[in-house]
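Visitor: Please work out how this folds:
(4 chains)
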Number of protein chains: 2
Amino acid sequence: MGRSRTRARVTLSDVAAESGVSTITVSRALREPHRVSAPLRERIDAAVEALGYVPNLAAQALASQHTNVIGVLIPSVTNNVFSDLLSAIYDTVSHTRFQIQLANTQYSVSEEEKLVRIFLNQRPAGLVVTGIDQSAACRQLLSEANCPVIQIMETAPDPIDMMVGFSHYDGAARAARHLIEKGYRRIGFIGARMDPRTQRRMEGCLSVLDAFGMLDRDLVSTTEEISSVNLGAAMLGALVDRRPDLDAVFTNNDDLALGALFECQRRAIAVPDALGICGFNDLEMVRASAPSLTSVDTRRGEMGQRAMTMLMDAIEGKRPQKRVVDLSSTVIARQSTARGTRDDPAR
Amino acid sequence: MGRSRTRARVTLSDVAAESGVSTITVSRALREPHRVSAPLRERIDAAVEALGYVPNLAAQALASQHTNVIGVLIPSVTNNVFSDLLSAIYDTVSHTRFQIQLANTQYSVSEEEKLVRIFLNQRPAGLVVTGIDQSAACRQLLSEANCPVIQIMETAPDPIDMMVGFSHYDGAARAARHLIEKGYRRIGFIGARMDPRTQRRMEGCLSVLDAFGMLDRDLVSTTEEISSVNLGAAMLGALVDRRPDLDAVFTNNDDLALGALFECQRRAIAVPDALGICGFNDLEMVRASAPSLTSVDTRRGEMGQRAMTMLMDAIEGKRPQKRVVDLSSTVIARQSTARGTRDDPAR
DNA sequence: ATGAACAATGACAGCGCTATCACTGTCAAG
DNA sequence: CTTGACAGTGATAGCGCTGTCATTGTTCAT
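Guide: Residues are numbered from 1 along each chain as shown, chains lettered A, B, ... in the order given. Below is the predicted model:
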């Protein structure tokens, strides 16, 4: 196919020859400019520019025994929740010396452990892992790692190293309390995939319902299927068919909530008067719907940003005062739960 | 913070010592097992297992002058369109020897060029770039690269190397024709961000309207802002305020389409009878809405899968018969454009 | 004047692996 | 019984960079 085989790689010693110094001086000029005299530095910079030198990361890593790679382990690249997070992570890291290396655990603890093992062997500068449900061996590996590690998305009292997140249990509990305050009484729960975080949300919701004497297990609908808008519609439809007396539903996430809303529109179930809907995550789109959807804001952008800042500081040796940052979460009340106050302007 | 400093790295020579062979034999046993006798291979495998040996990728890369890294350059990690694509890419590559290294061009041609330069210097096994709008220097770099390169998302007659995508112009043209066939006459266009692909969609749409003598520039609404559901609602609202006679709208993507639908619901504009809506990309959620939204299916999952298969084959030396794969695109007609046939079941 | 302290630069070894070539033994063909 | 082919294994030399220590000059307090 005529793909050219030749491509002269410019190495450090080419730059050194061009600027008439030793390789180590070029190396220093690039990494610790203040340790090299101004005239040399200028000559070297000019040579780098002229030759189009780009460092060989493999050689750097091998010689220095460390990299500028920050490994990020997330369960899914498709989920909207993680794309918001990722976008904040990339933004925070761009224009620093660090690079992101993303990996996908597919919600599997063993896959996660395997990936951690691979990552650690490449001596990353730092590691970001999702959640608190690592395998014992994985926790062990991470706590013995000689780089900072940060767990995101959740908080718990026993961080491996550092942590930025919020309590899914509490967030869902707030949502349940909100529905109760708004006057709903027969409150259902719809959940999909049922990974550990999803489960803790369910528990948070059900515990509040229980405390108010409103827990009705028959109004709880869960599935192992992957969450989607269509699934939300189907699950709400099935739940309403079985229990026409349902008067509100808390869904595990906003995709399900949106699906539930669509199904209500299709069946001419009045939201919020006949049925209240509360989602989770506060994705961009739930503010736009008609009626707009109440949801729990989980500040994923801030989470990504804080996590990367803490991690990069730790890599630089600046350990945080608090190892666990709890970002909390807030119910954003909108039209879908504004019972009897249909005219309220959204937010 | 008591993070352990010690972590014995197991190297090839540890494995060699353990199994009583030379390092090169271990190296071969791992990479080309058939070139090593069965008994040795078993001893070596056992030693690898016992010691928990994990290869050092930096050393491998440095010594062999190539890596198993496939670089993937996409404009945005947040956009739903790219998350579908990414998910297919990760799935296709998992359980092969290749690893994905993702980078983010932020819709910037110069950022893309910079990233290509960095990638190429790390001698990737292959490279995936988005679209056909690289800078001249970037095209030059890529065509001189000594690894296969595949452009995705779009097709054009002059691939740098290989290509998998579809014509955005044609896809949008099909959408416009669909609206005309359905009897709409005052058809508007709503577009956001207006990157090159978005622009070609606009051109495809407008050229058809023009051919039918229906082009009205006053019904075209575009913005540089980032696309979102809320933006779609706002833009549709503004367009309808200005031109109440609008009877259909083609939006650049499904986020905008969904926003437009919500705005119609808010204003009690009957969709599809008073206003037809057609989106682009056929995201999962547009099938769920009420009414369901007509959209253009762009087969992103298949695109990601085909692209990675072609790329990996090319890396292995199996060049494809056709260098350009056009996946085409299809209008998926749903309720939002089913004028006068409101009762039609949605797909 | 003297040496201590320090800034600026370089020589050299080696990170962990693989490419290359050399070596040994086995076996079939002549 | 030689020869050549070949399968199986090893010795050696780097890949491109950085850590470490050595060397040179300069400045400053004594």
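Visitor: what's the burial count for residue A:79?
Guide: Residue A:79 has 20 neighbouring residues, counting by other CB atoms under 10 Å in any protein chain shown. From N, CA and C alone the C-beta is placed, and that goes for glycine too.
Visitor: give me every residue that touches it.
Guide: Counting by CB atoms under 8 Å, 6 or more residues apart in numbering or on different chains, residue A:79 makes contact with residue A:227.
Visitor: Next, it: phi, psi?
Guide: Main-chain torsions, residue A:79, degrees, to the nearest 10: phi -60, psi 130.
Visitor: Check residue A:95 and give its pLDDT.
Guide: Residue A:95 is assigned 87 on the pLDDT scale.
Visitor: Name the SS class of it, please.
Guide: coil (DSSP: H, G, I helix; E, B strand; the rest coil).
Visitor: That one and residue B:111, how far apart?
Guide: 11 Å (CB to CB, to the nearest Å).
Visitor: Of those two, which one has the most company?
Guide: residue B:111 (16 against 7).
Visitor: what helix or strand is that one on?
Guide: Here residue B:111, judged by DSSP states H and E, is contained in helix B:109-121.
Visitor: Give me the contact status of that helix with DNA strand D.
Guide: No. Using CB under 7 Å from any atom of the strand, helix B:109-121 stays clear of DNA strand D, with a minimum separation of 8.2 Å.
Visitor: Packing partners of the helix or strand following that helix?
Guide: The first helix or strand that comes after helix B:109-121 along the chain, using DSSP H and E, is strand B:126-130. Applying 3 or more CB pairs under 8 Å, 6 or more residues apart in numbering or on different chains; DSSP states H and E, one finds that strand B:126-130 makes contact with strand B:69-74, helix B:109-121, strand B:149-154, helix B:300-315.
Visitor: In terms of mean pLDDT, which of those ranks lowest?
Guide: For the helices and strands packed on strand B:126-130, mean pLDDT drops lowest on helix B:109-121, to a mean of 93.
Visitor: does chain A sit close to it?
Guide: Yes. Using CB under 8 Å from any CB of the partner chain, we find that helix B:109-121 touches chain A at B:117, B:118, B:120, B:121.
Visitor: picking that back up, which one of the helices and strands packed on strand B:126-130 lies closest to residue B:53?
Guide: For residue B:53, the closest of the helices and strands packed on strand B:126-130 is strand B:69-74, at 20.7 Å, according to CB to CB.
Visitor: Tell me the helices and strands packed up against that closest one.
Guide: Going by 3+ CB pairs under 8 Å, 6+ apart, strand B:69-74 lies up against helix B:80-93, strand B:99-104, helix B:109-121, strand B:126-130, helix B:300-315.
Visitor: again, only using 7 Å
Guide: Counting contacts by 3 or more CB pairs under 7 Å, 6 or more residues apart in numbering or on different chains; DSSP states H and E, strand B:69-74 packs against helix B:80-93, strand B:99-104, helix B:109-121, strand B:126-130.
Visitor: Report the contact partners of the nearest residue to residue A:253 once chain neighbours are set aside.
Guide: Among residues not flanking residue A:253 along the chain, residue A:280 sits closest, at 5.0 Å (CB to CB, 6 or more residues apart in numbering or on different chains). Taking CB atoms under 7 Å, 6 or more residues apart in numbering or on different chains, we find residue A:280 in contact with A:171, A:172, A:175, A:201, A:251, A:252, A:253, A:254, A:295, A:296.
Visitor: can you tell me which of those residues lies nearest to residue A:307?
Guide: When the contacts of residue A:280 are ranked by distance to residue A:307 (CB to CB), residue A:171 comes first, at 17.8 Å.
Visitor: and residue A:87, what does it touch?
Guide: Residue A:87 sits next to B:77, B:78 when contact means CB under 7 Å, 6+ apart.
Visitor: got it, and residue A:166?
Guide: Applying CB under 7 Å, 6+ apart to residue A:166 gives the contacts A:155, A:298, A:326, A:327, A:328, A:329.
Visitor: Tell me the most packed of these, by neighbour count.
Guide: Compared across the contacts of residue A:166, residue A:298 has the highest neighbour count, 25 neighbours, by other CB under 10 Å.
Visitor: returning to what we had before: may I see the buried residues of the helix holding residue B:111?
Guide: Buried residues in helix B:109-121, counting neighbours by 16 or more other CB atoms under 10 Å in any protein chain shown, are found at B:109, B:111, B:112, B:113, B:115, B:116, B:119, B:120, B:121.
Visitor: CA-only coordinates of it in PDB, if you can.
Guide: What follows is helix B:109-121, C-alpha atoms only, in PDB (Å, rounded to 0.1, in the frame of the first residue of the first chain):
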ATOM      1  CA  VAL B 109      -7.200  20.400  14.300                       C
ATOM      2  CA  SER B 110      -4.000  21.700  15.900                       C
ATOM      3  CA  GLU B 111      -4.600  19.700  19.000                       C
ATOM      4  CA  GLU B 112      -5.100  16.700  16.800                       C
ATOM      5  CA  GLU B 113      -1.900  17.300  15.000                       C
ATOM      6  CA  LYS B 114       0.000  17.600  18.300                       C
ATOM      7  CA  LEU B 115      -1.500  14.400  19.500                       C
ATOM      8  CA  VAL B 116      -0.700  12.500  16.300                       C
ATOM      9  CA  ARG B 117       2.900  13.600  16.700                       C
ATOM     10  CA  ILE B 118       3.100  12.300  20.200                       C
ATOM     11  CA  PHE B 119       1.400   9.100  19.300                       C
ATOM     12  CA  LEU B 120       3.600   8.400  16.300                       C
ATOM     13  CA  ASN B 121       6.700   8.800  18.300                       C
END
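Visitor: what's around the closest residue to residue A:186 other than its chain neighbours, how many residues?
Guide: Leaving aside its sequence neighbours, residue A:186 sits nearest to residue A:247 (CB to CB, 6+ apart; 4.7 Å). A count of nearby residues for residue A:247, using other CB under 10 Å, gives 19.
Visitor: do residue A:80 as well
Guide: So residue A:80, with other CB under 10 Å, has 20 neighbours.
Visitor: Which residue, neighbours along the chain excluded, lies closest to it?
Guide: Leaving aside its chain neighbours, residue A:80 sits nearest to residue A:283 (5.5 Å; criterion: CB to CB, 6+ apart).
Visitor: Tell me the spacing between that neighbour and residue A:89.
Guide: For residue A:283 relative to residue A:89 (CB to CB), the value is 18 Å.
Visitor: Kindly report the same for residue A:141.
Guide: Distance, residue A:141 to residue A:89, using CB to CB: 22 Å.
Visitor: again with residue A:215
Guide: 38 Å.
Visitor: and the two? which has more neighbours close in?
Guide: Using other CB under 10 Å as the criterion, residue A:215 and residue A:89 rank with residue A:89 on top: 26 against 17.
Visitor: Please name the residues that touch that one.
Guide: A:72, A:100, A:304, A:308.
Visitor: And the residues you listed, which is closest to residue A:18?
Guide: Checking the contacts of residue A:89 against residue A:18 by CB to CB gives residue A:100 as the nearest, at 32.4 Å.
Visitor: what is the closest one paired to in the beta sheet?
Guide: residue A:70 (DSSP bridges).
Visitor: Now do the end-to-end distance for stretch A:238-251.
Guide: Chord length of stretch A:238-251, first to last residue, is 14 Å (CA to CA, to the nearest Å).
Visitor: Revised request: answer the last question for stretch A:313-332.
Guide: End to end - CA to CA - stretch A:313-332 spans 32 Å.
Visitor: cool, stretch A:291-307 as well?
Guide: Termini of stretch A:291-307 sit 34 Å apart (CA to CA).
Visitor: Show me which positions of it end up buried.
Guide: Within stretch A:291-307, the residues that qualify as buried are A:291-300, A:303-307, counting by 16+ other CB under 10 Å.
Visitor: cool, stretch A:179-187 as well?
Guide: A:179, A:180, A:182, A:184, A:186, A:187.
Visitor: average pLDDT for it?
Guide: Stretch A:179-187 carries an average pLDDT of 97.
Visitor: Which pLDDT value goes with residue A:122?
Guide: Reported pLDDT at residue A:122 in the predicted model: 89.
Visitor: which residues does it contact?
Guide: Taking CB under 7 Å, 6+ apart, we find residue A:122 in contact with A:67, A:69, B:57, B:58.
Visitor: Noted, bye for now.
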